[in-house]
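[1] just a sequence and a predicted model for now, questions to come.
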Amino acid sequence: MEQIVQLKEEIKQLNSAAINLQNQLHDLAEGLPLNLEQLPELARQTFEAFTALAAKRQELKSLKSQQI
């Protein structure tokens with residue numbers, strides 16, 4: 001049970017970070033072509049954050065299904 005609580009907290013933190021990066025990417029895109037050189041790195045960070053979030057959500061789903 002403690003593992004589920006810990007995963008939920010990690011998911012909450014990852015979700016917050018991913019949404020923050022998404023908003024930054026959106027703001028950058030609205031200002032294009034200004035700061036065009038920042039686009040690849042911010043897009044990579046955003047992709048990695050959402051990939052990590054999806055993995056943790058899948059881990060939580062698997063853990064919950066094992067407890068049934």
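    On my side now, so go ahead.
[2] rest of the way, CA atoms for contacts and neighbours
    Fine.
[3] count the residues that sit near residue 4.
    14 (other C-alpha atoms under 10 Å).
[4] residue contacts, residue 28?
    34, 35, 39 (C-alpha atoms under 8 Å, 6 or more residues apart in numbering).
[5] out of these, who's nearest residue 14?
    Within these, distances to residue 14 taken as C-alpha to C-alpha reach their minimum at residue 39, with 20.8 Å.
[6] tell me the spacing between that closest one and residue 52.
    For residue 39, the distance to residue 52 (C-alpha to C-alpha, to the nearest Å) stands at 20 Å.
[7] got it, and residue 40?
    In this structure, residue 40 and residue 52 are 18 Å apart, going by C-alpha to C-alpha.
[8] same thing with residue 41?
    Counting by C-alpha to C-alpha - residue 41 and residue 52 are separated by 16 Å.
[9] quick one: which of these two has more around it?
    Using other C-alpha under 10 Å as the criterion, residue 41 and residue 52 rank with residue 52 on top: 16 against 11.
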